[in-house]
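Colleague: Sequence first, predicted model second:
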Amino acid sequence: MRYADGPTVEVEIYVDAPPSRVWELVTDIELPARFSEEFQGATWLDDGGPSAGSRFTGRNRHPAVGEWTTTSFVVACEPERIFEWAVGDADEPGASWRFELEPEGTGTRLKQWMRMGPARSGLNAAIDAMPDKEERIIARRQDEHGKNMTATLEGIKALAEGR
């Protein structure tokens with residue numbers, strides 16, 4: 001897998017709570033910081049919270065890179081269904097992230113998905129320095145994202161189910 005291929009990661013979980021409750025949690029942009037090792041929090045730049053076109057800054061930390069801040073743009077916001085944002089630029093993001101909610105029985109099937117690129121991101125510095133290791137660099141990054149995304153979904157599940 002090469003960066004130009006737009007590598008993705010997707011995780012999912014069943015939450016024994018209705019989509020309305022899960023929606024409250026996934027649209028709280030600060031919440032994932034409680035569970036992720038990398039994501040440190042976010043702040044809305046526009047009044048009104050989550051809606052298509054709204055912006056927020058995100059704070060991140062990684063032991064190999066240090067700390068950085070990004071600006072993200074909400075590109076899809078369908079209540080109780082989809083919450084998606086693009087990092088850096090809405091039309092040419094360095095990464096895209098999405099929560100999808102689907103009613104399932106009395107609960108909700110919750111998915112989190114992300115795609116690297118198509119624009120350059122911080123990962124490209126490592127790839128540029130070691131182009132022969134691009135596939136390993138991407139695989140490691142996918143693994144890191146997958147672990148943090150899984151922890152986030154498990155945390156959302158626990159909160160939504162009242163545990």
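Modeller: Looks like it came in fine.
Colleague: Identify, by residue count, the longest helix of the chain.
Modeller: Ranked by number of residues, the top helix in the chain under DSSP state H is helix 134-160.
Colleague: Give me the helices and strands touching it, please.
Modeller: Using 3 or more Cβ pairs under 8 Å, 6 or more residues apart in numbering; DSSP states H and E as the contact criterion, the neighbours of helix 134-160 among helices and strands are strand 8-15, helix 19-26, strand 107-116, helix 123-129. Placement of C-beta: from N, CA and C, glycine included.
Colleague: Enumerate the positions of the last one that are buried.
Modeller: Which is helix 123-129. Along helix 123-129, the positions that meet the burial threshold by neighbour count (16 or more other Cβ atoms under 10 Å) are 123-124, 126-127.
Colleague: Quick one: mean pLDDT for stretch 106-113?
Modeller: Stretch 106-113 shows a mean pLDDT of 98 in the predicted model.
Colleague: Just the CA trace of it, in CSV.
Modeller: Presented in CSV, the C-alpha positions along stretch 106-113 are these (Å, rounded to 0.1, in the frame of the first residue of the first chain):
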residue,chain,number,x,y,z
THR,A,106,-32.8,-1.8,19.6
GLY,A,107,-29.2,-0.4,19.3
THR,A,108,-26.8,1.1,16.9
ARG,A,109,-24.0,-0.3,14.6
LEU,A,110,-21.3,2.4,15.0
LYS,A,111,-18.4,2.5,12.5
GLN,A,112,-15.4,4.8,12.4
TRP,A,113,-13.5,5.2,9.2
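Colleague: Can you list the buried residues in it?
Modeller: Within stretch 106-113, the residues that qualify as buried by neighbour count (16+ other Cβ under 10 Å) are 107-113.
Colleague: wait, which of the residues you listed is closest to R61?
Modeller: Each of the buried residues of stretch 106-113 was checked against R61 using Cβ to Cβ; the closest is Q112, at 19.6 Å.
Colleague: how about the closest residue in space to the closest one that isn't next to it in sequence, what does it touch?
Modeller: Spatial nearest neighbour of Q112, chain neighbours left out: M149 (4.7 Å); criterion: Cβ to Cβ, 6 or more residues apart in numbering. The contact partners of M149, taken as Cβ atoms under 8 Å, 6 or more residues apart in numbering, are 9, 11, 112, 114.
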